[in-house]
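**Q** coords please:
(one chain, ligands or ions: 1)
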Amino acid sequence: MNVGDVKGQFVTEAILCHKPKILVELGGYVGYSAIKFSTLIKDDPGAHYYTIEFDSILACVIEKMLRFAGLDHKVTVLKGNLQENITALKEKYNVQTIDFLFIDHIKSSYLSDFQLAESYGLFHKGTVIAADNIINPGAPDYLSHMQAHNKFESNLIDTEYEYTKGQEKDAVLISICIE
Ligand SMILES: C[S@@+](CC[C@H](N)C(=O)[O-])C[C@H]1O[C@@H](n2cnc3c(N)ncnc32)[C@H](O)[C@@H]1O
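**A** As a prediction, this is how the structure comes out:
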């Protein structure tokens with residue numbers, strides 16, 4: 001499922017507030033969030049969005065949707081997981097650090113992929129990380145890790161699960177690297 005309009009608005013506000021240049025997304029699905037968020041940077045020639053999608057058929061769908069939306073020049077679709085793409089990010093695309101990371105893939109990999117990115121030095125002071133589905137279906141290990149992390153300040157935004165009109169709860173965690 002995509003992030004939806006309600007939770008997507010919190011992510012939108014974080015992007016508009018911090019004005020990131022390099023944005024990376026884990027979990028592209030059919031391109032809803034890639035289109036929604038890359039639209040925000042479309043007039044910034046120095047900004048680019050990378051979406052990493054594990055499923056190769058879905059990755060092709062995202063590419064087609066981006067072409068349809070006229071955003072294919074602002075978004076690079078990377079097939080596979082972060083581990084498989086992290087060297088290409090650094091060496092092929094010259095992404096040495098990330099300004100904004102949107103985590104929205106398999107919930108059991110939130111923490112390990114955060115730690116992988118951290119071990120490669122992809123975060124800098126001011127990097128913002130937005131993570132969806134923190135309580136539904138939930139990523140409790142990631143939540144507790146980030147809330148205890150001494151280099152990140154995190155804000156848990158209680159909201160609703162996508163398209164449930166408040167009937168189901170969810171939360172987005174916005175974390176900012178402070179050193
Ligand atoms: C919740 S959907 C993403 C929704 C999308 N961000 C949106 O809001 O439009 C999760 C996606 O993560 C992908 N995925 C699962 N494990 C992954 C991994 N390890 N790395 C990258 N993508 C993964 C799935 O194939 C699925 O398309």
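
**Q** Spell out which parts of this structure neighbour the ligand.
**A** Where proximity means CB under 6 Å from any ligand atom, the interface of the chain facing the ligand comprises 1-3, 26-29, 32-33, 52-55, 58, 81, 104-106, 109. From N, CA and C alone the C-beta is placed, and that goes for glycine too.

**Q** Quick check: strands, which of these are part of them?
**A** Among those, the members falling in strands are 26, 52, 53 (criterion: DSSP state E).

**Q** sorry, back to before: so which of the residues of the chain next to the ligand are in helices?
**A** Secondary structure assignment by DSSP state H places 32, 33, 58 of the residues of the chain next to the ligand in helices.

**Q** how about the second one, what does it touch?
**A** Going by CB atoms under 8 Å, 6 or more residues apart in numbering, residue 33 touches 2, 3, 8, 11, 25, 51, 102, 104.

**Q** What separation do you get for the third one and residue 159?
**A** This points to residue 8. Computed with CB to CB, to the nearest Å, the distance linking residue 8 and residue 159 is 10 Å.

**Q** now the fourth one
**A** Distance from residue 11 to residue 159, counting by CB to CB: 11 Å.

**Q** try the first one
**A** According to CB to CB, residue 2 and residue 159 sit 15 Å apart.

**Q** in stretch 41-57, what's buried?
**A** 41, 47, 48, 49, 50, 51, 52, 53, 54 (16 or more other CB atoms under 10 Å).

**Q** Repeat that for stretch 67-84.
**A** Residues 69, 71, 72, 74, 75, 76, 77, 78, 79, 81, 82 are the ones in stretch 67-84 that count as buried (16+ other CB under 10 Å).

**Q** now those as JSON lines including pLDDT, secondary structure and distance to residue 154?
**A** Formatted as JSON lines, the entries for the buried residues of stretch 67-84 read as follows, by pLDDT from 0 to 100; DSSP: H, G, I helix; E, B strand; the rest coil; distance: CB to CB, whole Å:
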{"residue": "69", "pLDDT": "98", "secondary structure": "helix", "distance to residue 154": "31"}
{"residue": "71", "pLDDT": "98", "secondary structure": "coil", "distance to residue 154": "30"}
{"residue": "72", "pLDDT": "97", "secondary structure": "coil", "distance to residue 154": "33"}
{"residue": "74", "pLDDT": "98", "secondary structure": "coil", "distance to residue 154": "28"}
{"residue": "75", "pLDDT": "98", "secondary structure": "strand", "distance to residue 154": "27"}
{"residue": "76", "pLDDT": "98", "secondary structure": "strand", "distance to residue 154": "28"}
{"residue": "77", "pLDDT": "98", "secondary structure": "strand", "distance to residue 154": "28"}
{"residue": "78", "pLDDT": "98", "secondary structure": "strand", "distance to residue 154": "26"}
{"residue": "79", "pLDDT": "98", "secondary structure": "strand", "distance to residue 154": "30"}
{"residue": "81", "pLDDT": "98", "secondary structure": "coil", "distance to residue 154": "24"}
{"residue": "82", "pLDDT": "98", "secondary structure": "helix", "distance to residue 154": "20"}
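
**Q** That's all I had, so thanks and see you.
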